[in-house]
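In: got a sequence here, can you model it:
(chains A and B)
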Amino acid sequence: METIIKKDSFCLELIAKKRLFTILNDQVQASRFFDESLHQALIDYTDKYIQYHNLEAKVVTKHYLSYIKSYNKDVRAFEETGKYPLAIDPERAAPDRIAYDTILLFSTFMTPHRFRIMQLIKEKSFAADKGLIIGCGPGLEIDLIQNKVKEAVAYDLSIAPFLPDFFQEKVVFKNEFFDGSGTEKYDSIYLIELLEHLSDPFELLENCKKVLATKGKIFLTTATDIPQFDHLYNFAADHKHFDKTILEMGFQIDYAEDIVHEAITKDVGAMNKFYILSLK
Amino acid sequence: MQRAEILGKLKDILEEVLDLEDLAVTEETTANDIEDWDSIMHVEIIVAIEEEFDVKFKTAEIVKFKNLSDMITGILDKTA
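Out: As a prediction, this is how the structure comes out:
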């Protein structure tokens, strides 16, 4: 399927103009999971984010291409050393919040694996009173679930100005680390593309367990062999240790899906795994 | 254009995009034979080929390129 050009969309116009983006987006549209409504939702949200921050096409292009080149080098280094970038250089500089958000948003319609993660969030989320999103980043997960939760609280160490303005009273934003304190219970908790950024992901899962409602569910992803500049924890591909540990913690696995990174050529065997957990 | 001539241009493109020198290639050369040729670089190589030969490939065609011979055939099909 070739890219459909919709008028007045910053993202679709950029995809149509920049051949590299056209090819990457076409790969997503050709994937077996593709659905037009989700693709449009991702494009629409990214358009709004970019419009709010008044970003120009050349700036967005530069952010994404810089990231691709940087990730490429990190993959090389990972192949040679088996180490993630932060293990090689603990002082590694990160892009600023808006640049990072742009990369994250674009990659949802430039890479089939991130498209699939967004699709699972949208499809597997259920109607709930209270939702908790930890590590909300550019806020796309909130947008995908906002009609399913009556109230939501979102945590991130750096909240982009767009989020409180866009979601307004629907979501309470907390610019801090979630430590599990408080008496509030949540029906659905989202830890999407977060655990790999922590040195001890199980500590966060323990904290989430404290605030999970009795019949609540945790939606999470893990990352294996993805040497992104800010990843700390590499989950073993077979997930035996992860599965054993979460079962010992008192969770049960309601759903699990391997999301192998689809690429034209084989790289480093990168994959995500999407889980839905509940209390035993 | 002859296959050998296209192979020579592909060699130049690979050296340019991958920032390599004196690359030894044949029609049987695959991405696995060249260390820096990964999935992202593959897309950049395709973009450079499209610009050089003034052609455009469909996603299904790009995925089917298994070696330089497939690319040469693809270019010849588009420029015939």
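In: in the stretch 1-150 of chain A, where is pLDDT below threshold?
Out: A:1-7 (pLDDT under 70).
In: next to chain B, which bits of it? Give me the list.
Out: A:1-2, A:19-20, A:23-24, A:26-27, A:29-30, A:68, A:71-72, A:75-76 (CB under 8 Å from any CB of the partner chain). Any C-beta I mention is one placed from the backbone N, CA and C, and that applies to glycine too.
In: from those residues, which would you call buried?
Out: A:19-20, A:23-24, A:26-27, A:29-30, A:68, A:71-72, A:75 (16 or more other CB atoms under 10 Å in any protein chain shown).
In: now A:V59: which helix or strand?
Out: helix A:57-81 (DSSP states H and E).
In: and the helices in chain B?
Out: For chain B, the helices defined by DSSP state H occupy B:3-18, B:39-53, B:59-64, B:68-79.
In: for the first one, give me every contacting residue.
Out: Pointing back at helix B:3-18 there. When contacts are defined by CB atoms under 8 Å, 6 or more residues apart in numbering or on different chains, helix B:3-18 is touched by residues B:20-23, B:25-27, B:34, B:36-37, B:41, B:44-45, B:48-49, B:52-53, B:68, B:71-72, B:75-76.
In: any idea how far the residue of chain B found nearest chain A lies from A:G250?
Out: For chain B, the residue closest to chain A is B:S39, as judged by CB to the nearest CB, at 3.4 Å. From B:S39 over to A:G250 the distance is 40 Å, taken as CB to CB, to the nearest Å.
In: do B:A60 as well
Out: Counting by CB to CB, the gap from B:A60 to A:G250 is 47 Å.
In: which residue is the nearest non-sequential neighbour of the residue nearest to the spatial centre of chain A?
Out: Nearest to the geometric centre of chain A sits A:E193, at 4.4 Å (CA atoms, centre = their mean). Once flanking residues are discounted, A:E193 sits nearest to A:T221: 5.5 Å by CB to CB, 6 or more residues apart in numbering or on different chains.
In: likewise for A:T245?
Out: A:F202 is the one closest to A:T245 (CB to CB, 6+ apart), at 5.9 Å.
In: and that neighbour, how many residues sit next to it?
Out: 15 (other CB atoms under 10 Å in any protein chain shown).
In: assign a three-state SS to it, would you?
Out: Following DSSP: H, G, I helix; E, B strand; the rest coil, A:F202 is assigned to helix.
In: how about the contacts made by it?
Out: A:245-246, A:249.
In: filter those down to the buried ones, PyMOL style.
Out: To isolate the buried members of the contacts of A:F202 in PyMOL, using 16+ other CB under 10 Å:
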select buried, chain A and resi 246
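In: could you export the contacts of A:F202 as JSON lines, including pLDDT, distance to A:K130 and secondary structure?
Out: Formatted as JSON lines, those follow (pLDDT from 0 to 100; distance: CB to CB, whole Å; DSSP: H, G, I helix; E, B strand; the rest coil):
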{"residue": "A:T245", "pLDDT": "98", "distance to A:K130": "26", "secondary structure": "helix"}
{"residue": "A:I246", "pLDDT": "98", "distance to A:K130": "22", "secondary structure": "helix"}
{"residue": "A:M249", "pLDDT": "97", "distance to A:K130": "22", "secondary structure": "coil"}
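In: of the contacts of A:F202, closest to A:P138?
Out: A:I246 (27.3 Å; CB to CB).
In: just checking, that closest one touches A:L277?
Out: Yes: counting by CB atoms under 8 Å, A:I246 does reach A:L277; the two are 6.4 Å apart.
In: joint contacts of the two?
Out: Counting by CB under 8 Å, 6+ apart, the residues touching both A:I246 and A:L277 are A:I253.
In: which residues of chain B lie near chain A?
Out: Contacts of chain B with chain A, taken as CB under 8 Å from any CB, map to B:31-32, B:36-44, B:46-47, B:50, B:58-60, B:62-63.
In: neighbouring strands - and their directions - for the longest strand anywhere in chain A?
Out: Secondary structure of chain A read by DSSP state E shows that its longest strand is strand A:212-224. Using DSSP bridges, strand A:212-224 pairs in its sheet with strand A:186-191 (parallel), strand A:271-279 (antiparallel).
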